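Undergrad: Requesting a structural model of the entry that follows:
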Amino acid sequence: MGKISKNRKKVLVKLDKSKKYTLSEAADLVKEITTTKFNASVDIDVRLGVDPRKANQMVRGIVTLPHGTGKVKRVLVLCTPDKEEEAKAAGADFVGLDEYIEKIKGGWTDVDVVITMPSVMAKVGALGRILGPRGLMPNPKSGTVTMEIGNAVKEVKAGKIDFKVDKFGIVHTSIGKVSFEPTQIAENAKEFMHTIMKLKPSSAKGAYLRSIHISSTMSPGISIDPKSIDE
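TA: Numbering: from 1, shown residues only. Okay, here's the model as predicted:
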């Protein structure tokens with residue numbers, strides 16, 4: 001164990017590892033214990049009592065955070081020419097079809113979200129091995145394969161995120177930045193937790209919410225009392 005930095009010591013004094021904090025306390029604390037110079041992300045980790053290997057216990061969903069994620073998302077829309085104006089008007093960063101498919105085949109993936117429409121999915125499907133591993137493959141379940149191109153772009157730009165449980169039963173996502181006000185962090189977390197609760201599979205046994213932690217990039221996790229979510 002190396003020497004603990006001064007900043008880290010201050011953090012460890014403030015954070016009581018054995019305590020479960022209320023959501024509002026945790027939202028204050030995560031700002032206090034973040035010592036990075038950059039505007040770090042605030043992340044939430046929710047451990048669920050589900051077995052993700054069972055199809056009927058797969059927890060995945062979409063949530064629009066009331067205060068957004070604090071991250072500007074670059075959106076590529078792959079669409080037919082008749083939809084290009086709608087995509088541009090909604091704020092898409094890149095709009096087109098064949099030329100972008102060629103760029104992606106050449107290794108270009110400099111975007112955060114790809115939105116497309118059902119009629120061009122056959123073309124987009126061919127990009128699966130490039131887009132899939134990067135989490136960029138459009139999917140009707142996450143609202144990124146749709147005829148409502150303009151709405152889909154606006155939602156992503158407004159702070160819509162999609163999430164799914166990993167193989168350990170944990171859902172991990174970013175719910176803001178440390179520059180946010182504590183109330184904004186708490187309200188985003190609350191909206192996310194309400195969505196998770198609605199998705200509880202009927203076949204899940206025992207306690208559904210096993211633990212909730214929030215942390216920022218480089219900070220230790222703060223344990224949250226699940227009962228405090230609605231206080």
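Undergrad: Show me the residue sitting in the middle of this structure in space.
TA: Thr173 (4.0 Å; C-alpha atoms, centre = their mean).
Undergrad: How is it assigned, secondary-structure-wise?
TA: strand (DSSP: H, G, I helix; E, B strand; the rest coil).
Undergrad: do Asp162 as well
TA: strand.
Undergrad: what's across from it in the sheet?
TA: Beta-bridge partners recorded for Asp162 (DSSP bridges): Ile62.
Undergrad: pretty sure Ile214 is in a strand, no?
TA: Yes: with three-state DSSP as the criterion, Ile214 is assigned to a strand.
Undergrad: That one and Ile196, how far apart?
TA: Going from Ile214 to Ile196 by C-beta to C-beta, to the nearest Å gives 14 Å. Using the backbone N, CA and C atoms, a C-beta is placed for each residue, glycine as well.
Undergrad: tilt between the one helix or strand Gly150 maps to and strand 160-164?
TA: Using DSSP states H and E, the element containing Gly150 is helix 149-158. On the basis of axes from the mean of the first three to the mean of the last three C-alpha atoms, to 10 degrees, helix 149-158 is oriented at 80 degrees to strand 160-164.
Undergrad: So which other helices or strands are in contact with helix 149-158?
TA: strand 75-78, helix 84-89, strand 113-116 (3 or more C-beta pairs under 8 Å, 6 or more residues apart in numbering; DSSP states H and E).
Undergrad: where along this protein do the strands fall?
TA: Taking DSSP state E to define them, one finds strands in the chain at 41-48, 60-64, 75-78, 94-96, 113-116, 160-164, 170-177, 209-216, 222-224.
Undergrad: so which of the ones you listed gets nearest Tyr21?
TA: strand 222-224 (5.7 Å; C-beta to C-beta).
Undergrad: Give me the mean pLDDT for the closest one.
TA: On average, the pLDDT along strand 222-224 is 95.
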